[in-house]
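Enquirer: Provided below for reference: sequence and predicted model.
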Amino acid sequence: MHTVSAGYLRAFADVSAQRRNAHLWRHERETATSKLISLLDASVYRDIYAVRLQDGQTDTTIESALLGSAVEEPFCEAVKLLDSGAPLRYWQWRHVSRFVAFQLARTPRAFQLLRDEWNREGLEIRSNDPQMAMIYIAPHVEKWLCAMKWIIYCDRSTLPLLTSDNPTVMWADRGDGVELGVGFRDPALRVLFPVTPRMCLLAVHTQASFSAAREDTPDKNPQMSDYYPLRINRGNLGIDQAVTMNHVIVSNAEHYVYSDSHAQNVKMFLDDLFFGRPGPVRRSDRMPIGDPVRNR
């Protein structure tokens, strides 16, 4: 199963590649190499969302009915309209918010961070717990996202927007640099999501979203509504802003950055800010994600 939707990554395919299936460029942090690969092989983890049943069988409903039909397909249709310049209706923006919420909760890193936290708290972790936590967490996140202020940026620079194996980034601008991995209870939170190589979504906290994130607690379901007063503005990215957005995106990558080209400016950018650089760390103790948790 793709932990980053193949339908989403299709927007980052290299249209000049003469292949039967769509291909995109995969840039690897550790080896500092770039390779043209099929969308079918990007960000694939076998049975990561499968639920193990008591009789030993596996249930793939999360993959097919939830992430596939209910989350990915409506999002991809909305992106086609966005890319064409057509306006989206309210429920189509909700398809975007739901996809972003699940993308925050569905990656191997998100699962590992849950395990890290539970280990730190001394809790037992069962095989199905991360999958169930994803289903529980995503509606909370969607509610908070819908209360934030959104800006849809079009990249007017010569540097295309990149994406990664963790394409939704939670970060804060600290003035002298950016901090990754901040939570919804940080008033400086920004959520960045590259939609296509020429378009990205940036969401910033409002008083409503900050209050909701503080008031919703894990012991109760979020009070969902059929309607949220989405506030969506539009803007353009110049080269300085495109560099900043890409810097945030590639810094948040676990192993891979994806792009629609291997142009010289993309290569130079990755040489400076991605290849050979250390991967992300846990915010709590600054240890690399996946390292043994040190109980406090």
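Expert: Nice, I can see it.

Enquirer: Would you state the strands of the chain in chain order?
Expert: 23-28, 33-38, 51-52, 58-59, 149-155, 163-164, 169-173, 178-180, 190-196, 199-204, 231-237, 256-259 (DSSP state E).

Enquirer: Out of the ones you listed, point me to the one whose mean pLDDT is lowest.
Expert: With a mean of 87, strand 58-59 has the lowest mean pLDDT of these.

Enquirer: Could you name the helices and strands sitting against that one?
Expert: Contact analysis of strand 58-59 by 3 or more C-beta pairs under 8 Å, 6 or more residues apart in numbering; DSSP states H and E lists strand 51-52 as its packing neighbours. Quick note: C-beta positions are derived from backbone N, CA and C, even for glycine.

Enquirer: Show me what the lengthiest helix in the chain packs onto, helices and strands only.
Expert: In the chain, assigned by DSSP state H, the helix with the most residues is helix 129-147. Other elements packing on helix 129-147 under the criterion 3+ C-beta pairs under 8 Å, 6+ apart are helix 90-106, helix 108-120, helix 207-215.

Enquirer: how far does the second one sit from the chain's center?
Expert: It stands for helix 108-120. Helix 108-120 sits 16 Å away from the centroid of its parent chain (C-alpha atoms, centre = their mean, to the nearest Å).

Enquirer: buried residues in it?
Expert: Neighbour counts over helix 108-120 (16 or more other C-beta atoms under 10 Å) mark Pro108, Arg109, Ala110, Phe111, Gln112, Leu113, Leu114, Arg115, Asp116, Trp118 as buried.

Enquirer: Kindly report the same for the last one.
Expert: Neighbour-count burial for helix 207-215, with 16+ other C-beta under 10 Å as criterion, is recorded at Ala208, Ser209, Phe210, Ala212, Ala213.

Enquirer: Flag the shaky bits of this structure, pLDDT-wise.
Expert: Across the chain, residues meeting the criterion (pLDDT under 70) sit at 217-227, 294-296.

Enquirer: mind running it again at 50?
Expert: The chain contains residues with pLDDT under 50 at 296.

Enquirer: what is Ser34 paired to in the beta sheet?
Expert: Residues in a beta bridge with Ser34, per DSSP bridges, are His27.

Enquirer: What's the separation between Ser64 and Cys200?
Expert: Here the criterion is C-beta to C-beta, to the nearest Å. By it, Ser64 lies 29 Å from Cys200.

Enquirer: And these two? Which one has more around it.
Expert: Cys200 (25 against 13; other C-beta atoms under 10 Å).

Enquirer: Hmm, that one is touching Val191, no?
Expert: No. Using C-beta atoms under 8 Å, Cys200 is not in contact with Val191; the gap is 10.6 Å.

Enquirer: Could you give the number of residues near the closest residue to Glu73 other than its chain neighbours?
Expert: Of all residues not flanking Glu73 in the chain, Gly7 sits nearest, at 7.1 Å (C-beta to C-beta, 6 or more residues apart in numbering). Under the neighbour criterion other C-beta under 10 Å, Gly7 is assigned a count of 18.

Enquirer: Contact partners for Gly7?
Expert: Going by C-beta atoms under 8 Å, 6 or more residues apart in numbering, Gly7 touches Glu72, Glu73, Phe75, Cys76.

Enquirer: likewise Ile289?
Expert: Per C-beta under 8 Å, 6+ apart, neighbours of Ile289: Arg109, Gln112, Leu113, Asp116, Glu254, Gly279, Pro280, Val281, Arg282.
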